[in-house]
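*Asks:* Could you work out the structure for the sequence below:
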Amino acid sequence: MSITRETPAHADPLSMAGYANADHASPAPTDAELGRRADAAERMRRGKRLVIGGFVVAVAGIVAYSVVCLGAAMSQDLGTMRLESP
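*Replies:* Residues are numbered from 1 along each chain as shown. Next comes the predicted model:
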């Protein structure tokens, strides 16, 4: 005699693994949990702004570095042309 476990197609993988019980409704979050969630959401927003700001600064630095390097090469060529043909 073999024991088989039949699971419905819409079964929750967490409840099947024993991490959550799908038969009982989850209790309402407490004030402390809501506060932690709000703090976490604010940290995520702040983190996203920092990442985007860092990306913008990095791109601006790369563009500025390229302009300065290309400008230095151009001015060097112009200076050489002025010395060769007065």
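*Asks:* make it CA atoms for all contacts and neighbour counts henceforth
*Replies:* Noted.
*Asks:* Could you check the pLDDT of Pro8?
*Replies:* With respect to pLDDT, Pro8 scores 53.
*Asks:* cool, Glu33 as well?
*Replies:* We note a pLDDT of 87 for Glu33 in this prediction.
*Asks:* next one: Arg43
*Replies:* Arg43 is given a pLDDT of 93.
*Asks:* do the same with Gly54
*Replies:* Looking at Gly54, its pLDDT reads 97.
*Asks:* Distance check, it against Ala60.
*Replies:* For Gly54, the distance to Ala60 equals 10 Å [C-alpha to C-alpha, to the nearest Å].
*Asks:* what do you get for Ala32?
*Replies:* Where Ala60 is concerned, Ala32 sits at a distance of 42 Å (C-alpha to C-alpha).
*Asks:* These two: who's more crowded?
*Replies:* Applying other C-alpha atoms under 10 Å to Ala32 and Ala60 shows that Ala60 carries more neighbours, namely 12 against 9.
*Asks:* From Val67, how far out is that one?
*Replies:* Distance, Ala60 to Val67, by C-alpha to C-alpha: 11 Å.
*Asks:* C-terminal to the lowest-mean-pLDDT helix or strand in the chain, what's the next element?
*Replies:* Scoring the helices and strands of the chain by mean pLDDT, DSSP states H and E places helix 13-16 at the bottom, with a mean of 54. Sequence-wise, the next helix or strand downstream of helix 13-16 (DSSP states H and E) is helix 31-84.
*Asks:* Noted, bye for now.
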